[in-house]
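[1] below is the sequence, then the predicted model.
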Amino acid sequence: MTLSRRQFVGMTLIGTTSAMLGATPLLAAEKRKGSLSGRQGYKVSGSVQVKKHGDKTVVILGDDYLFDPAKNPPDIKIGFGNGEKYAKGSKIHDELTVKKGSATFEVPASIDTSKYSELYIYCEQFTVILAVAPLK
């Protein structure tokens, strides 16, 4: 691809102006989505998002989120992992009590969500994955 001098100068001016105005680069904001599906006989469904903006990352359970109302396992957590394997140390909160509807959870700064391709709802006490959402 060949740029004319005018195109090059225009691109340079746009980049400089954005930097001067304090615009956040597009790459600084990350947003991945997925849909939960149950495991181990649990019926779990709904959309999830992992949003990163600046130095904060949040996990958002969508309005359509529903955890199996017929079951009540102990010690439910949200965390991350890859290949249907929960990554120890990726827990984002103390206990998931929301069973239906939208909820937002802040991810601790120590967890790099870009390392993980899946979000998990799991029972920490018995080390059982209850639901998985592949993130894209």
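    Sure thing, it's come through. Residues are numbered from 1 along each chain as shown.

[2] going forward, measure contacts and count neighbours with C-alpha atoms only.
    Noted.

[3] let me know whether residue 68 touches residue 43 as I believe.
    Yes. Between residue 68 and residue 43 there is a contact under C-alpha atoms under 8 Å: 4.7 Å.

[4] quick check: next helix or strand after the one helix or strand in the chain whose mean pLDDT sits lowest?
    The helix or strand of the chain with the lowest confidence, counting by mean pLDDT, DSSP states H and E, is helix 5-20 at a mean of 44. Later in the chain than helix 5-20, the nearest helix or strand by DSSP states H and E is strand 29-38.

[5] quick one: buried residues of that next one?
    Residues of strand 29-38 classed as buried by neighbour count (16 or more other C-alpha atoms under 10 Å): 32, 33, 34, 35, 36, 37, 38.

[6] any idea of the angle the next helix or strand after that strand forms with strand 29-38?
    Using DSSP H and E, the helix or strand that follows strand 29-38 towards the C-terminus is strand 44-53. Going by axes from the mean of the first three to the mean of the last three C-alpha atoms, to 10 degrees, strand 44-53 is angled at 170 degrees with respect to strand 29-38.

[7] quick check: neighbours of the next helix or strand after strand 44-53 in the sheet, parallel or antiparallel?
    Past strand 44-53, further along toward the C-terminus, the next helix or strand under DSSP H and E is strand 56-61. In the sheet, strand 56-61 lines up against strand 44-53 (antiparallel), strand 103-107 (antiparallel) (DSSP bridges).

[8] tell me the mean pLDDT for strand 56-61?
    In this model, strand 56-61 carries a mean pLDDT of 96.
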